[in-house]
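1. the sequence isn't on hand, but the structure is:
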């Protein structure tokens, strides 16, 4: 439940939300996401948390991070740590939970409602602490993926659970691969029709 006159803040766990939307088969249009929550209340701030690999020439997340930075989101990043696991595979680690928790506790003094885009059960104590400060907390994730992307204890702690799948029509778009395939098919069809004319 949202109230038009309440101040709210969004806290987006980038890697967790990406995994949830990928499991559901769609991408998020962040412009639509921001508009949707501007409509639901007085949006004070929208935070996006992600770790970045610094030494890579091209990072697939870089265009998104740059776009968010220029379009009303507060970006919180840190360098990801790269390591090789015991099987010799390259792994990347970049947990942003502490940064998100600290920022949420600080914002609790300025908002009535926090929307957390994450299903990570580690955030349950944060949600409880925010509630003790008088802040309502909605959690956005999914139980419709296999396995569900939200920890049951986090879902139970939240004042409101928002099923990500139900936001698909409002904030979603087809996955990037599907958009490129559709555009290529359209261009091929236009080229074929142009050749017939």
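-> Arrived safely, thanks for sending. A quick note: this is a predicted structure, and the numbers were derived from the prediction, not measured.
2. for the top strand by length along the chain, which outside residues touch it?
-> Longest strand in the chain, counting residues (DSSP state E): strand 42-52. Residues outside strand 42-52 that contact it (CB atoms under 8 Å, 6 or more residues apart in numbering): 4-15, 34, 37, 59, 61-62, 65, 68, 72-80, 92-96, 99-100, 103, 107, 110-111. (Each C-beta comes from the backbone N, C-alpha and C, glycine too.)
3. what's the neighbour count on residue 150?
-> Using other CB atoms under 10 Å as the criterion, residue 150 is surrounded by 24 other residues.
4. and it, what element?
-> Per DSSP states H and E: residue 150 is located in neither a helix nor a strand.
5. leaving out sequence neighbours, find the closest residue to it.
-> Leaving aside its chain neighbours, residue 150 sits nearest to residue 119 (3.3 Å; criterion: CB to CB, 6 or more residues apart in numbering).
6. SS state for the residue nearest to residue 46 when sequence neighbours are not counted?
-> Sequence neighbours aside, residue 10 is the residue nearest to residue 46 in space, at 4.2 Å (criterion: CB to CB, 6+ apart). The local conformation at residue 10, judged by DSSP: H, G, I helix; E, B strand; the rest coil, is strand.
7. my read: residue 10 touches residue 117, true?
-> Yes. The pair residue 10 and residue 117 passes the contact test of CB atoms under 8 Å, sitting 6.8 Å apart.
8. please say which of those two ends up with more neighbours.
-> Each of residue 10 and residue 117 has its neighbours counted (other CB under 10 Å); residue 117 has more, 25 against 22.
9. so what's that one bridging to?
-> residue 12, residue 140 (DSSP bridges).
10. residue contacts, it?
-> For residue 117, the contact set (CB under 8 Å, 6+ apart) comprises 10-13, 16-17, 140-141.
11. how about the helices of the chain, start to end?
-> Per DSSP state H, the chain carries helices over the ranges 14-24, 30-40, 62-70, 97-107, 124-132, 152-157, 168-171, 176-196.
12. can I get these in a markdown table including distance to residue 49 and mean neighbour count?
-> Below are the helices of the chain laid out as a markdown table (distance: least, CB to CB, whole Å; neighbours: other CB atoms under 10 Å):
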| stretch | distance to residue 49 | mean neighbour count |
| --- | --- | --- |
| helix 14-24 | 6 | 20 |
| helix 30-40 | 14 | 16 |
| helix 62-70 | 11 | 14 |
| helix 97-107 | 5 | 16 |
| helix 124-132 | 13 | 17 |
| helix 152-157 | 16 | 16 |
| helix 168-171 | 18 | 14 |
| helix 176-196 | 21 | 10 |
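13. please identify which of those is closest to residue 87.
-> Among those, helix 14-24 comes nearest to residue 87, with 21.6 Å by CB to CB.
14. residues in contact with the closest one: which ones?
-> Outside helix 14-24, the residues that touch it by CB under 8 Å, 6+ apart are 27-28, 48-51, 61, 94, 96, 117-120, 140-142, 144-146, 149, 164-165, 168, 172, 175.
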